[in-house]
Structure formats: structure tokens, C-alpha cells
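**Q** what follows is a predicted protein model with its sequence.
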Amino acid sequence: IEASNALLKSIEEAKDYIIIIFTTTNYYNLLKTIRSRCQIISFKSKKDNELVDKEKLSYILSEIISGNLSFYYKNKDFFIKYKDYKEDLFTEISNCFNNLIKLKYYREANLENKKILFYLKKIEKLPFDSIDRIIRKAEQITKGFKNNANFDMAVENFLIFIYREGRNIESSRDKL
């Protein structure tokens, strides 16, 4: 923290002709006060969001959509672990549902991980309009984080939302 505060002082007292460039693999490690004074330029590699355990995330999401809301409470630590990486977590959630659309409508998901593919197939009956609402909800929550939305409440709200959307699978089965 002392080093970060010294860095902040250097930024604030820099002359007009000085340009300071920071590089980091995780800009969340910088203090918010430093990040707020920087222009963030992301050079993401092909290995985007390797921080998030996609397999476990897919498993949890598929269980909740399938009607097992208690699975969230059993795996709450998984989400708490990503509290400092909340945008990355919700980006990966959006990616998961985008992969579901590819699987459902294009019969391709380009997933090397067979377990993730298995979890997506488990919720493949989810209607398109539900998937669309889920993706929009994830984007809305990500925008809320920029306004300091509470992470724990946002995650719980989102997971209850997808649980309710999962009820659409059951209602479509009942109509058949």
C-alpha cells in the first residue's frame, strides 16, 4: 500500500511533458485511485479470462438453471473468490451463454472441454428469449459494477434470475 501511495503521488505531481506507462497482468491489483487516473488499454491474449474456472462455472450455472438453486449456496465460495475480478466473471458468464446459443442454433460450440459441452447440453432446452434475457442481465450487472454495485447482491440477484429463467424449460416441457 505504501508503494502504491508513492506511485499515486508520482502520478499526481508529474510534469505536463511526462508520460508514465504501467504494465500489469491484472489491473485490479492497482489501487482504485491509481486506476481512476489512468487510461486503461487492454492487450488481451488468446487466453482471455483464464482466471475464471469455466468448467466449474458452467457446472454451477447448469445446476441452477436446472432447478437446483441450493447449488449456489453450496458453491458460494466459488463466487466470493472472484469478487475482485467481477467483470471477468460476468464476461465469462456471458461467454457461457453465447456458447449455448452457438450450440443450440448452429450445432457448434467450438469447445475443447467436453465437460463444459456436457453442462451446456444439459440446459440446451432453454428458450432463446430466456438466453437473451440472461445475457442482457449479465451485461446490466457488469455496467452496475462501474457504479459500485454490491457484488454479493448482484451475484445472488443474477443467479435467482437464471433460476427463474430455467423454469421456462419446465413450462415448455409441460406444454408438450
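**A** That came through, no problem. Numbering: from 1, shown residues only.
**Q** helices or strands next to the helix or strand encompassing Phe118 in the packing?
**A** Using DSSP states H and E, Phe118 sits in helix 114-122. With contacts defined as 3 or more CB pairs under 8 Å, 6 or more residues apart in numbering; DSSP states H and E, the packing partners of helix 114-122 are helix 54-65, helix 86-106. (Each C-beta comes from the backbone N, C-alpha and C, glycine too.)
**Q** out of these, nearest to Ile131?
**A** Between Ile131 and the helices and strands packed on helix 114-122, the shortest separation by CB to CB is 5.4 Å, and it involves helix 86-106.
**Q** then that closest one to CSV, C-alphas only?
**A** Below are the C-alpha coordinates for helix 86-106, written out as CSV (Å, rounded to 0.1, in the frame of the first residue of the first chain):
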residue,chain,number,x,y,z
LYS,A,86,-16.2,-9.4,-11.0
GLU,A,87,-16.1,-8.0,-14.6
ASP,A,88,-14.1,-11.0,-15.7
LEU,A,89,-16.5,-13.4,-14.0
PHE,A,90,-19.6,-11.8,-15.7
THR,A,91,-17.8,-11.7,-19.0
GLU,A,92,-17.2,-15.4,-18.7
ILE,A,93,-20.9,-15.9,-17.8
SER,A,94,-21.9,-14.1,-20.9
ASN,A,95,-19.5,-16.2,-22.9
CYS,A,96,-21.0,-19.3,-21.5
PHE,A,97,-24.5,-18.3,-22.7
ASN,A,98,-23.2,-17.2,-26.1
ASN,A,99,-21.7,-20.7,-26.4
LEU,A,100,-25.1,-22.1,-25.5
ILE,A,101,-26.6,-20.1,-28.4
LYS,A,102,-23.9,-21.5,-30.8
LEU,A,103,-24.6,-25.0,-29.6
LYS,A,104,-28.4,-24.7,-29.7
TYR,A,105,-28.8,-22.9,-33.1
TYR,A,106,-25.6,-23.6,-35.1
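**Q** now do it: everything it contacts.
**A** Counting by CB atoms under 8 Å, 6 or more residues apart in numbering, the neighbours of helix 86-106 from elsewhere in the structure are 48-49, 51-52, 54, 57-58, 61, 79, 82, 108-111, 116-117, 120-121, 123-124, 126, 128, 131, 134-135, 138-139, 141-142, 145, 151, 154, 158.
**Q** tell me the angle it makes with helix 54-65.
**A** Here helix 86-106 runs at 70 degrees with respect to helix 54-65, directions being taken by axes from the mean of the first three to the mean of the last three CA atoms, to 10 degrees.
**Q** now helix 86-106: average pLDDT?
**A** The predicted model assigns helix 86-106 a mean pLDDT of 89.
**Q** report the buried residues of that helix.
**A** Residues 86-97, 99-101, 103-104 are the ones in helix 86-106 that count as buried (16 or more other CB atoms under 10 Å).
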